[in-house]
Structure formats: structure tokens, C-alpha cells
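1. Need coordinates for the following:
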Amino acid sequence: MAANRHLKWYILGVIVLLAAGLSTFLWLHRSNDATEGIASGNGRIEAVEVDITTKYSGRLAEILAKEGDMVESGQVLANMDIQGLKAQVRQAEAEARQARQKRNLAAAVVEQRKSELSLSEKDLDRSRRLYNSKAVALQKFQHDETAEQAAKASLEAASAQLADTEAAIEAAVANTEEIKTQLEDNVLKSPIGGRVLYRLAEPGEVLPAGGKALTLLDLSDVYMTIFVPTEHAGKINIGSDARILLDALPNVVIPATVSFVAPRAQFTPKEVETQTEREKLMFRVKIKIAPELLKKHVEKVKTGLPGVAYVRMDPSAQWPERLSARL
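-> Numbering: from 1, shown residues only. Have a look, this model is predicted:
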């Protein structure tokens, strides 16, 4: 029995030593990633998310995309119920037509008042000449003078009325254009080319202003965020050469560049490193994949994949052989 116990303890000790050796090997293997002049960090593939939202509150009439669908810029993704807006457009157009009719009538009145003023001016001119030659009485001259002044006032009033009708036309046209703009805004289009990440609403739902219908992934802006210590952050520049290795594709080297380096240090997220490493202040670095490369492999792009990003701090540093191959 004692021999058996010793044997068990011996086997357990061997297992512990093997586990420790394996851990040391893996740690050293990971440590080899920190080649001289090259920094590395863990992260996940991310992409810019774009929400497709309503500008006005209303009922969702139809939604034309499903989760996972690839969409193009300008593609119609959903339509809101616009029956009420169509009725408003018809009413606004009718008001514009009515305003134009009033404008035409006012313009005719202005022409009539101009004719009346012209006649009054001629009568006054004749009366003035006759009065100066003592051919007519002062009363006749004063009567024609008053008539000419009244004709001027009538013309001014008619002109003001014509201006009012012109303003009414502009207001009616502007109202019509505004409602038509609302009609266009109730057609939800994709501002980018990408993939539908979430479908957040279904036909028949009433959405508030700013309500989300879909969320898209902008597959032209894909990146990985890593955290590096202070001594590395100071050596990394915007545009520095980088490589990404995904856990799912360990033999595929994805070329990338540094697009952002945080201006101040911060704690690393809890899910990124161990507790000891989280206690260190780190700098956030964004590693962006070239849009041209993404366009060639857009159907294969997936977010959320974990991996490791490597950044060349020293431009003269040589990539290790396993990072030299490019996609």
C-alpha cells in the first residue's frame, strides 16, 4: 500500500513538472513574439459599426435586409409608413397652386391700376394746361389731381398685394419641398457598403425619432486594438508597419498599419490581460487593415476573432520569418 502511495505521488510530481515545463515553453514561445524592435499585444478584430436610424417617429412598413446580408452604399434597407406624408404633399401642392392663382389675379390688378394711373396722369396734365390757360376752373384741376394721387395709392396697394402672393407661393413651395424631404428621409438607405450586423426592428413596429432599425459593419474600416506598455508606446508612430495573426488562421499573416496611438496611458481592459498586467498603465494602439486588402477579401472578413498584433517600433528591424509572409 505504501509503495502504491509513493508511486501515485511520483506520478503526480511528474505531471506537475511536465505542466510547469509546458507552461514555461508556451511562455517562452509567446515571449519570442517580443522580438527586438517589435511590440505585440492581444486583441480582437473589430469594425466600425453604423446604426441605421429613423429621423422621424413612425411605423416601420418594411425592412429589406437580414442579418449577415452584404449591402452597398445607397441601397434601400427599410421603408417607413408614409401615407400621411403623401396626403400632406398633396395638400401643400394644392396650396401652392392656389397661391399661384392669387398671384395671377394680383398681377392683373396691378396692370389695371397702372392703366388707371396712366389715364389719371393724362387727365391731370390736360387739366393743368387748361387751368393755366384759364379754360377750366380750379375745382376741375383739383379733382383730377386728387384722382391721380388715388390712382398712385391704388397701384401701390395692388403691388403690395402681388408681393404678398409671391411670398405665399414661396412658402407653399418650401412647405412642399420640406414634406418631400421628409418622404425621402423615411426611406432608410445604407450610407456605406458593408454587412448587416443586427436587425433591430420588424415591420409594424412604431419607432421613435432616432430609433434603430439596423446596425451595419463598415468592412472598409477594420482594425484590432491592442495595449502596449509605456516603453513601447513611445517608439510607435502613426503609420508604423504592423502584422496581425488570428488564432483561427495562425499561418495567415495580415499586413496592417498603426492608425492611432492613445495620447495618455490607461488601465488595460479586464478581459485582455492577467490581473498583474492589468495593474500596469498601458497605451491603446489601433492597428488598421488596409481598405484595399479588405475589399479583395470582403466576404471573408469577420469581427470578434481573437489574435495577436505585432508592431515594428524600429523601421530597420527585420520581421521574423513567420511574420514576413503577407496575405
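
2. Output the helix or strand hosting residue 79 as PDB, restricted to C-alpha atoms.
-> Applying DSSP states H and E as the criterion places residue 79 in strand 76-80. The C-alpha coordinates for strand 76-80 follow below in PDB (Å, rounded to 0.1, in the frame of the first residue of the first chain):
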ATOM      1  CA  VAL A  76     -32.600  50.900 -49.600                       C
ATOM      2  CA  LEU A  77     -32.700  48.900 -46.300                       C
ATOM      3  CA  ALA A  78     -36.100  49.800 -44.900                       C
ATOM      4  CA  ASN A  79     -39.200  52.000 -45.500                       C
ATOM      5  CA  MET A  80     -41.400  53.800 -43.100                       C
END
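
3. buried stuff in that strand?
-> 77-78, 80 (16 or more other C-beta atoms under 10 Å). C-beta coordinates here come from the backbone N, C-alpha and C atoms, glycine included.

4. Against which helices or strands is the lengthiest helix in the chain packed?
-> Selection of the longest helix in the chain by residue count, based on DSSP state H, yields helix 83-132. With contacts defined as 3 or more C-beta pairs under 8 Å, 6 or more residues apart in numbering; DSSP states H and E, the packing partners of helix 83-132 are helix 138-185.

5. Can you point out the buried residues in the following helix or strand past the helix it packs on?
-> Once helix 138-185 ends, the next helix or strand along the chain (criterion: DSSP H and E) is strand 187-189. The neighbour-count check on strand 187-189 (16+ other C-beta under 10 Å) flags residue 188 as buried.

6. Which residues does strand 187-189 contact?
-> 52, 54, 74-80, 213-214 (C-beta atoms under 8 Å, 6 or more residues apart in numbering).

7. at 7 Å instead, please
-> Strand 187-189 is contacted by residues 52, 74-79, 213 when judged by C-beta atoms under 7 Å, 6 or more residues apart in numbering.

8. for the stretch 1-150 of the chain, which spans come out with low pLDDT?
-> For the stretch 1-150 of the chain, the stretches with pLDDT under 70 are 1-35.

9. Quick one: name whatever helix or strand follows the longest strand seen in the chain.
-> If you go by DSSP state E, the chain has its longest strand at strand 212-229. Next in sequence after strand 212-229, counting helices and strands by DSSP H and E, comes helix 230-233.

10. how close does the residue in the chain sticking out farthest from the centre get to residue 127?
-> Distance from the centre of the chain peaks at residue 134, with 83.6 Å (C-alpha atoms, centre = their mean). Separation of residue 134 from residue 127 (C-beta to C-beta, to the nearest Å) stands at 12 Å.

11. what's the answer for residue 247, then?
-> Taking C-beta to C-beta, one finds residue 247 at 106 Å from residue 127.
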